[in-house]
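Undergrad: Sequence plus the predicted model coming up.
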Amino acid sequence: MGTATDQPALLTRGLSVVGGTARAPNPYERFLLDPFVRGNLTLDRVLAPMESKQYEQVRRL
């Protein structure tokens, strides 16, 4: 996926491709991804809540 410094730019590009489709992140996922895109969080810090059981409960609502 490129270097750590390339990842936010790659994610931004990917989000622009899926925007407006069923693959677009839901508001909670976007809330978690935005700090990564801004460079405030690492990808690991973003993925941890998305992979948790609590997230699965939120996602089902």
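TA: Thanks, I have it.

Undergrad: which parts of the helix or strand residue 44 falls within are buried?
TA: Element membership for residue 44, per DSSP states H and E: helix 43-51. Neighbour counts over helix 43-51 (16 or more other Cβ atoms under 10 Å) mark residue 46 as buried. No exception for glycine: its C-beta is placed from N, CA and C like everyone else's.

Undergrad: Now do it: which elements does it pack against?
TA: With contacts defined as 3 or more Cβ pairs under 8 Å, 6 or more residues apart in numbering; DSSP states H and E, the packing partners of helix 43-51 are helix 27-37.

Undergrad: For stretch 36-51, measure first residue to last.
TA: 16 Å (Cα to Cα, to the nearest Å).

Undergrad: Got the confidence number for residue 58?
TA: pLDDT, residue 58: 60.

Undergrad: Also residue 29?
TA: At residue 29, the pLDDT recorded in the model is 85.

Undergrad: What about it, how many residues nearby?
TA: Applying other Cβ atoms under 10 Å, we find 16 residues neighbouring residue 29.

Undergrad: do you know how far residue 26 is from residue 3?
TA: 28 Å (Cβ to Cβ, to the nearest Å).

Undergrad: Equivalent analysis for residue 50, please.
TA: 22 Å.

Undergrad: Residue 16 too?
TA: 20 Å.

Undergrad: for the residue sitting nearest the centre point of the chain, what are its contacts?
TA: Of all residues in the chain, the one closest to the mean position by Cα atoms, centre = their mean is residue 33, 3.5 Å from it. Residue 33 is in contact with 11, 15, 25, 46, counting by Cβ atoms under 8 Å, 6 or more residues apart in numbering.

Undergrad: By neighbours, which of these wins?
TA: residue 46 (19 neighbours).
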